[in-house]
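In: Need a 3D model of the sequence below.
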Amino acid sequence: MTQAVATAVPAGVDPRTRTQIVAAVLLGLFLAALDQTVVGTALPKIVTDLHGNDIYTWAFTAYILTSTISGPIYGKLSDLFGRRPILLFAVSVFLLGSLLSGLSQEMWQFVAFRGIQGLGAGALFPVALAVIGDMFDASERGKYQGLVGAIFGLSSVIGPAIGGVITDTVGWHWVFFVNLPLGAVVFVVIWRALPTFRPAGARPKIDYLGASVLAGALVPLLVGLTNKQSGNWSDPAVGGLIALGVAIAAIFVWVESRAAEPLIPLALFRNRAFTISVIAMFAASMAFFAPIVFLPRWFQVVQGSSATQSGYQLLALLGGLIISAMGSGQIVARTGRYKVLALVAAATLGVGLLLLSNLRADTPLPVLFVWMFITGLGVGPMFSIFTLVVQGAVAPQQIGTATSSLTLFQQVGGSVGLAVAGTVFGSRLVEELPRELSSSVPPQVAAGFAGSGSAAIGQLSGVGDLGQAILAAAPAAARAQLEPFVPAIVEAIHRAFSIATASTFTFGIAAAAVALIVVAFLRETPATVAAAGDETLAA
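Out: Here you go, the predicted structure:
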């Protein structure tokens, strides 16, 4: 079933087959997104079994690195050679990485195999979105892109809970083995149902130099942002690597400006809708990462929740996200309008984060859940609308490239947001803890904690029985004198931790404001008009 046309799938594909294809690509997208977060609650057991505490962060970094770097490459290749072969290859690599991760016997093996997993996931993100763009015209995409937004949110929120349940019941290996039967279903459906289409024209040229330079830019940039979680901006492993990545990125722009078939055509950025969508998605991802990362930690440290329970406690955020993502898709599909929806979503996200910035240790959980729900309502449309805008603003033969570029900025935005939010959290915690202690315990006790350094403060704000941890860290001779003050110390730490957590949401408000401002400059093209344009381009 090979035709020399643009990559759009014709209407000749019957509705049942289309439904099967959409279900398969959404399942693949869910598995790839889930594996970004599901490892979190399983990692303590994995590190214990594989004796790899010194490199445990690379279990996340390896996956994010390879998936982020490979995404734009896969997107371009799918425009050149068609979606079907790229998706089949990516699913195969993802399943291989899942199998090997579950079979790992050493921590270095686990990190390497997580990298292989990421190589497969790198295509599942953008190419799955591009398949939906191919399968439906602009007036119909909204319904399905809303599902994609819900999938991203669902995987982000329930991933930790799923990882905890699987690890506690059948073992951490099955966190990866469970991908195999589900991924096999995705492979079979794509193999049997997704048609093969290749663009017309001359033999495609692959931008090998551009791909190499892009990888060279993203590796130090993402590693530097990851290292920021345990280092300072001035450290060579943080600021030095980020500066190197930015410098190589400038070289990448120069290379792409001279490439015959560029990996990321710079002409895309002359498209107003594409550029605004990229900036807005980057900012929205920065804002979204703070509640996803820091709220579960607050539940565990301040509320005493387990890792699995903290995952369930994010359901309010998830509920708002799913409702708004699917609802916005239906609204766009029926009205063809999206600008007002995007503006309302960005404003709602900012309001939700503003409410969350009032978080304190004694904040009632029902009130917090309402704030989280409002935040989720703002996030959902952001993850679906801008994919629609981008796919409706470019020619069909560029849908893969444009979608993968949007996904790239979404992932990098999340990494930047996490690094900045982590900095805000750490500095505010070190600032607030002595202040809270001085108002609760005698000066000599407060002075002891104030002079203990940020590393010790970080240990005392961990999960578990905080009172016992404080006594265990104190000299044996001082424990009897310290013990009466332990409840007050714990309360002070919880108050400081809550204020520091709330500060990360203040940073997100600024990011949401940026998204709101840039969306205001978006020139709306109704979906029905975009659909007509697509048909002209594909003719």
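
In: can you give me the helices for the stretch 151-300 of the chain?
Out: 174-177, 179-193, 208-227, 241-258, 272-301 (DSSP state H, counting those that start in this stretch).

In: T275: what's it in contact with?
Out: Neighbouring residues of T275 by CB atoms under 8 Å, 6 or more residues apart in numbering: 268-269. Every residue, glycine included, has its C-beta placed from N, CA and C.

In: and if we set it to 6 Å?
Out: Counting by CB atoms under 6 Å, 6 or more residues apart in numbering, T275 touches F269.

In: wait, is Q20 part of a strand?
Out: No. Under DSSP: H, G, I helix; E, B strand; the rest coil, Q20 falls outside any strand and is assigned helix.

In: That one against V189, yeah?
Out: Yes. Taking contacts as CB atoms under 6 Å, Q20 lies within contact range of V189: 5.4 Å.

In: Give me the pLDDT for P442.
Out: With respect to pLDDT, P442 scores 75.

In: I'd like to know how many residues surround it.
Out: With neighbours defined by other CB atoms under 10 Å, the count for P442 comes to 12.

In: where's Q411 relative to L241, distance?
Out: Q411 is 17 Å from L241, where distance means CB to CB, to the nearest Å.

In: State the helix or strand in which T501 lies.
Out: Taking DSSP states H and E as the definition, one finds T501 inside helix 486-519.

In: Could you check that helix and say which residues are buried?
Out: By neighbour count on 16 or more other CB atoms under 10 Å, the buried set for helix 486-519 is 486, 488-509, 511-516, 518-519.

In: again with stretch 296-309
Out: 296-302, 305, 307-308.

In: What mean pLDDT does it get?
Out: For stretch 296-309, the per-residue pLDDT averages 81.

In: now stretch 76-90
Out: Mean predicted lDDT for stretch 76-90 stands at 89.

In: Between helix 486-519 and the helix ranked longest in the chain, find me the angle.
Out: Criterion DSSP state H: the longest helix present in the chain is helix 399-438. Interaxial angle of helix 399-438 relative to helix 486-519 (axes from the mean of the first three to the mean of the last three CA atoms, to 10 degrees): 150 degrees.

In: and helix 399-438, what other elements does it pack with?
Out: helix 58-81, helix 107-135, helix 208-227, helix 272-301, helix 365-393, helix 443-450, helix 486-519 (3 or more CB pairs under 6 Å, 6 or more residues apart in numbering; DSSP states H and E).

In: how about low-confidence regions in the stretch 1-150 of the chain?
Out: Of all residues in the stretch 1-150 of the chain, those with pLDDT under 70 make up the ranges 1-13, 40-41, 53-54, 56-57, 139.

In: before we move on, the earlier item: for the longest helix of the chain, what is the distance to the chain centroid?
Out: 11 Å (CA atoms, centre = their mean, to the nearest Å).

In: Go through that helix and flag the buried ones.
Out: 399-426, 428-430, 432-434, 436-438.

In: care to break this structure down by domain?
Out: Segmentation of the chain into domains, based on automatic domain parsing, reads 1-204, 208-259, 429-497.

In: if we look at stretch 116-124, which residues are touching it?
Out: Outside stretch 116-124, the residues that reach it (CB under 6 Å, 6+ apart) are 28-29, 32, 63, 66-67, 70-71, 74, 86, 90, 93-94, 97-98.

In: who wins for neighbours among those?
Out: Counting by other CB under 10 Å, top hit in these: G28 with 30 neighbours.
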